[in-house]
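S.K.: pasting the structure only:
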């Protein structure tokens, strides 16, 4: 199951893709990581999906990552007494704490933290930004707003606050229960929704206790303002373009996507580009030309992964969507322009032994035209450092930890093999050559470069580079 592309594919599971046969088809079509959206998945169903994925993984002998996406806080209006209302431009509309159905002049807002945090001049976006209000007066338990962009409004529509820093956690009680259930089930990644600050990620990590890696979803302006701090404590980023495009001007999203992709690469942490990548394939067997270009742009930028949401979860053509994304990735990476762009964006190595070794390994491999870079890694850090370099040659990670192998399934270019740890350096070299030969990364007589930490099995201690021939005896050079 060697992939012919470096960028990874995340596929969301749902009604259209929850049985074993379909999950197998999605994996064969190119899915590397499966996403379970806890907004729509009860615990029993989540456990069933995890079990099914693990069975598929076992039958193919390849690590498959599982990402559980927490719902996060859902801010919604109350209800209206007589059905939908019309909000007209220029009119006043009150949000208050009175638990009674609303009308054309007011509505109950069941979130006192919003009423307490709102300031005069703050914007409120209703129903995914279709209606826009501006706060003109606050009185603790009520806020008077002016309708800037009007429209029809009905029960329980969502509320977004792009200008307001809410003093609340990114996790609700539901999220905490979902997180604990997911960690007990043995998933690999947790996507944290509506992150506003680094403390949100720290809170989640405190609950996880090392059982999974944390991917911070960047979808709020407050997160953009604190991106460096959030990235520092996160294990990965997701460019969640859906909500980001609601709370910020749409025209800013492409540049923010590029900034986040490059920032994450500099930090050596995976970055996933998500939302509406092949949206038309929910109902069509082929995407639009604009969607193909959008996916290709993420590949050219050097993102670690691209994600399908409703396309694979609820669409009519889940396998075709994954297959299309796979073909786009392969085609872009064959383009000579791709290598030029990715190389031009290569960050300078950090002043650490691991980064210096990874940079040297990439340069040696490309200068000597070696067949592959083989990383022995227990925690995954060596493979992450090498992937940060975006080398021309394939990257193979050998790890004794199945959990590490699954986590690396979201990392650019890494082909992960789970195997018993090497006994000594000679064993490490001999087995690296055998695995490279077996998985088609090198032929007999070709050379590979091996990167590892000595003593073996020490997490984060990347300090050794070695060149080896691949052959019948895998003799060391």
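M.R.: Cool, got the structure. It should be emphasised that the depicted structure is a prediction, and the values quoted were computed from it without experimental measurement.
S.K.: could you pull up the contacting residues of the residue lying farthest from the centre of the chain?
M.R.: Most distant from the centre of the chain: residue 82, at 41.8 Å, with distances by CA atoms, centre = their mean. Residue 82 is in contact with residue 103, counting by CB atoms under 8 Å, 6 or more residues apart in numbering. Just so you know, the C-beta spots here come from the backbone N, C-alpha and C atoms, and that holds for glycine as well.
S.K.: which stretches of the stretch 51-200 of the chain form strands?
M.R.: Listed in chain order, the strands of the stretch 51-200 of the chain (DSSP state E, counting those that start in this stretch) span residues 65-69, 85-87, 92-96, 106-108, 123-126, 131-138, 142-149, 151-153, 159-160, 189-192.
S.K.: what's the weakest-modelled helix or strand in the chain?
M.R.: Lowest by mean pLDDT, DSSP states H and E among the helices and strands of the chain is strand 462-469, with a mean of 90.
S.K.: distance check, residue 2 against residue 353.
M.R.: Remark: distance between residue 2 and residue 353 (CB to CB, to the nearest Å) = 30 Å.
S.K.: those two: who's more crowded?
M.R.: residue 353 (15 against 10; other CB atoms under 10 Å).
S.K.: which non-adjacent residue is nearest that one?
M.R.: Leaving aside its sequence neighbours, residue 353 sits nearest to residue 463 (CB to CB, 6 or more residues apart in numbering; 5.4 Å).
S.K.: OK, contacts around the closest residue to residue 258 other than its chain neighbours?
M.R.: Setting aside the residues directly before and after it, residue 258 is nearest to residue 301 in space (CB to CB, 6+ apart), at 6.0 Å. By CB under 8 Å, 6+ apart, the residues touching residue 301 are 257-258, 261-262, 273, 341, 345.
S.K.: with residue 264 instead?
M.R.: Here residue 264 is in contact with 231, 236-237, 270-271, 304 (CB under 8 Å, 6+ apart).
S.K.: now render these as CSV, adding neighbour count, distance to residue 249 and secondary structure.
M.R.: Compiled in CSV, those are given as follows (neighbours: other CB atoms under 10 Å; distance: CB to CB, whole Å; DSSP: H, G, I helix; E, B strand; the rest coil):
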residue, neighbour count, distance to residue 249, secondary structure
231, 22, 23, helix
236, 24, 26, strand
237, 27, 20, strand
270, 29, 27, coil
271, 27, 22, strand
304, 28, 26, coil
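S.K.: could these go into CSV alongside pLDDT and distance to residue 131?
M.R.: As requested, those are exported to CSV (pLDDT from 0 to 100; distance: CB to CB, whole Å):
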residue, pLDDT, distance to residue 131
231, 98, 33
236, 98, 34
237, 98, 30
270, 98, 36
271, 98, 32
304, 98, 36
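S.K.: reformat these as CSV; add distance to residue 136.
M.R.: Output for the contacts of residue 264, formatted as CSV (distance: CB to CB, whole Å):
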residue, distance to residue 136
231, 36
236, 40
237, 36
270, 43
271, 39
304, 44
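S.K.: looking at those residues, which is nearest residue 161?
M.R.: residue 237 (21.8 Å; CB to CB).
S.K.: I'd say that closest one and residue 262 touch.
M.R.: No. Using CB atoms under 8 Å, residue 237 is not in contact with residue 262, being 11.2 Å away.
S.K.: which stretches of the stretch 251-400 of the chain form helices?
M.R.: 253-267, 289-300, 310-313, 318-334, 336-344, 353-367, 381-388 (DSSP state H, counting those that start in this stretch).
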